[in-house]
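Asker: this one's sequence-less:
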């Protein structure tokens, strides 16, 4: 009987909640690099999953899945949800739009002084998230975990005095950062225009008082007349505009288009400035606590493998991912092997041999055949010695012998026990072997389907992996030498 698949909405929600808890855990680590870059990524990914769960559960007419196997992008899901829920969701949308802008331009936002703003935005986003899943999925996060967390540290999370003055973040900010800060103001203004009192960031108490008596406010906009201020903010009630002057020409920000002036510049981001795949890899390092394990689960592994070419080369990382694929998940792994030194790759294969899991040894058998007769017969002898005297040996021992005896001349087809005309995903094995671009792109697409729970054909992915990268392993001299030496 075919195993019944879990409901898509339920799994999307489960992964979403796990991602949000990971974001909270990463944020509250005392010493961590790229804190807010990683946390914002995890928060947005969590929201994307829960929005898809919401649309899938409540709005069946919304087609989440495209014909190419991908799903609707985050911004699209956000816009549809706003349309379906209406005014009550607008503050959440504005909060997420601001965080999404930060995510896309993070390379420009390098000042630590921005952290209090990000803290406030993320804090509010998590509160929004908790209310959203309780309302729509009856999940109470307070019952999931006893999270009563306080930002305790060696200095205050917000440095209030002169926050908007000469010493503020604005005095050192790039154009992109100033535009980002302005986007927060714009978001708040849009909420105000439609009479929504909800804010997009965590609430702060505010007092209007003399700068020498700032004792009760959480966030202080100080006007310090003892210093010469380069930044002057003027509000004019009649025209509802703000004029900002910084020793140059005035720029008027106004709702009246005829009174607006100034030029907005936009620098297009280069590919790879914010590589979310590498952030997932880095998040694993943090959560694994220096243990050489991939703790984020098999689904995120398939997400990484779907965009494997974007993972920054690092022997330690590639070795970890290769071991994870072979020893834990029985997943595609060959791309990492094409980059690893022969010694490292052979050590992983030896660990696989000692693990002795029958369903995973097939990858070891296939690798030995790709490496040539020397490696294949070395493994065969190893099996013979290990199971000497046993009348009934494991099936993979006999399978290894059959591979060696095969008359197939193409090493990749030989290791897969396949003929050129055998079909896989509406294509022949021969077509995939002759077109490396096709085999690699199909592998990526199918890995992404596993991540999105649109497919469970993992055995097919392992074969696609050999069709895509098997030729790069054929008679790999360095790996062959290490394999024979270690086995």
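Answerer: That came through, no problem. What you are looking at is a predicted structure, and each value in this text was computed from that prediction instead of being measured.
Asker: ok, so what distance separates residue 420 from residue 339?
Answerer: 28 Å (C-beta to C-beta, to the nearest Å). C-beta coordinates here come from the backbone N, C-alpha and C atoms, glycine included.
Asker: More neighbours: the two, which one.
Answerer: Legend: neighbour count by other C-beta atoms under 10 Å for residue 420 and residue 339, higher for residue 339 (17 against 13).
Asker: and the closest residue to the more buried one other than its chain neighbours, what does it touch?
Answerer: Nearest residue to residue 339 in three dimensions, chain neighbours excluded: residue 318, at 5.4 Å (C-beta to C-beta, 6 or more residues apart in numbering). With contact taken as C-beta atoms under 8 Å, 6 or more residues apart in numbering, residue 318 is in contact with 311, 336, 339-340.
Asker: How about residue 393: what's its closest non-neighbour residue?
Answerer: residue 387 (4.5 Å).
Asker: May I ask you to confirm that residue 471 is in contact with residue 432?
Answerer: No. In this structure, residue 471 is not within contact of residue 432 by C-beta atoms under 8 Å, at 10.9 Å.
Asker: Please say which of those two ends up with more neighbours.
Answerer: Between residue 471 and residue 432, counting by other C-beta under 10 Å, residue 432 is the more crowded of the two (22 against 15).
Asker: The more buried one is in contact with residue 465, isn't it?
Answerer: No. With contact defined as C-beta under 8 Å, residue 432 does not count as touching residue 465 (10.9 Å).
Asker: residue ranges of the strands in the protein, please?
Answerer: 232-236, 241-245, 251-253, 423-424, 427-428 (DSSP state E).
Asker: And those strands, which one averages the lowest pLDDT?
Answerer: The minimum mean pLDDT among those belongs to strand 232-236 (a mean of 40).
Asker: list the contacts for residue 352?
Answerer: So residue 352 contacts 326-327, 360-361, 363-364 (C-beta under 8 Å, 6+ apart).
Asker: Residue 96: what's it in contact with?
Answerer: The contact partners of residue 96, by C-beta under 8 Å, 6+ apart, come to 44, 47, 78, 125.
Asker: Need the max-distance pair from those residues.
Answerer: 78 and 125 (12.4 Å; C-beta to C-beta).
Asker: So these two - more neighbours on which side?
Answerer: More neighbours surround residue 125 than the other of residue 78 and residue 125, with 25 against 21 (other C-beta under 10 Å).
Asker: From residue 279, how far out is the closest residue to that one other than its chain neighbours?
Answerer: Closest residue to residue 125 apart from its sequence neighbours, by C-beta to C-beta, 6+ apart: residue 95 at 5.2 Å. Using C-beta to C-beta, residue 95 is found at 20 Å from residue 279.
Asker: go on, residue 420?
Answerer: For residue 420 relative to residue 279 (C-beta to C-beta), the value is 41 Å.
Asker: Next: residue 484.
Answerer: Going from residue 484 to residue 279 by C-beta to C-beta gives 39 Å.
Asker: Please apply the same query to residue 20.
Answerer: Residue 20 sits at a distance of 16 Å from residue 279 (criterion: C-beta to C-beta).
Asker: quick one: which of the two has more around it?
Answerer: residue 20 (24 against 20).
Asker: what number of residues lie near residue 477?
Answerer: Around residue 477 there are 10 other residues, counting by other C-beta under 10 Å.
Asker: Equivalent analysis for residue 444, please.
Answerer: Number of residues near residue 444 (other C-beta under 10 Å) recorded here: 18.
Asker: pLDDT at it, what is it?
Answerer: At residue 444, the pLDDT value in this model is 93.
Asker: The one 4 residues further on too?
Answerer: At residue 448, the pLDDT value in this model is 90.
Asker: which ones are touching the nearest residue to residue 94 once chain neighbours are set aside?
Answerer: Counting by C-beta to C-beta, 6+ apart, the nearest residue to residue 94 once its immediate chain neighbours are dropped is residue 187, at 4.1 Å. With contacts defined as C-beta under 8 Å, 6+ apart, residue 187 is in contact with 94-95, 97-98, 200.
Asker: If we use 6 Å, what do you get?
Answerer: Contacts for residue 187 were tallied using C-beta atoms under 6 Å, 6 or more residues apart in numbering; they are 94, 98, 200.
Asker: Residue 92 is in contact with the last one, correct?
Answerer: No. Using C-beta atoms under 6 Å, residue 200 is not in contact with residue 92, being 8.4 Å away.
Asker: So residue 393 versus residue 408, what's the distance?
Answerer: Computed as C-beta to C-beta, the residue 393 to residue 408 distance reads 23 Å.
Asker: Correct me if wrong: residue 469 contacts residue 334.
Answerer: Yes. Contact criterion C-beta under 6 Å: residue 469 and residue 334 qualify, at 3.8 Å.
Asker: So which of these two has more stuff around it?
Answerer: Set side by side, residue 469 and residue 334 show more neighbours around residue 334, with 25 against 22, by other C-beta under 10 Å.
Asker: surely the more buried one meets residue 465?
Answerer: Yes. Look at residue 334 against residue 465 with C-beta under 6 Å: they come within range, at 5.0 Å.
Asker: unless I'm mixing things up, residue 378 is touching residue 486, no?
Answerer: No. Assessed by C-beta under 6 Å, residue 378 is found out of contact with residue 486, at 9.6 Å.
Asker: More neighbours: those two, which one.
Answerer: A side-by-side neighbour count of residue 378 and residue 486, using other C-beta under 10 Å, places residue 378 first with 17 against 14.
Asker: Run through the residues that contact the more buried one.
Answerer: 484, 487.
Asker: can you tell me how far it sits from residue 471?
Answerer: According to C-beta to C-beta, residue 378 stands 21 Å off from residue 471.
Asker: got it, and residue 397?
Answerer: From residue 397 over to residue 471 the distance is 27 Å, taken as C-beta to C-beta.
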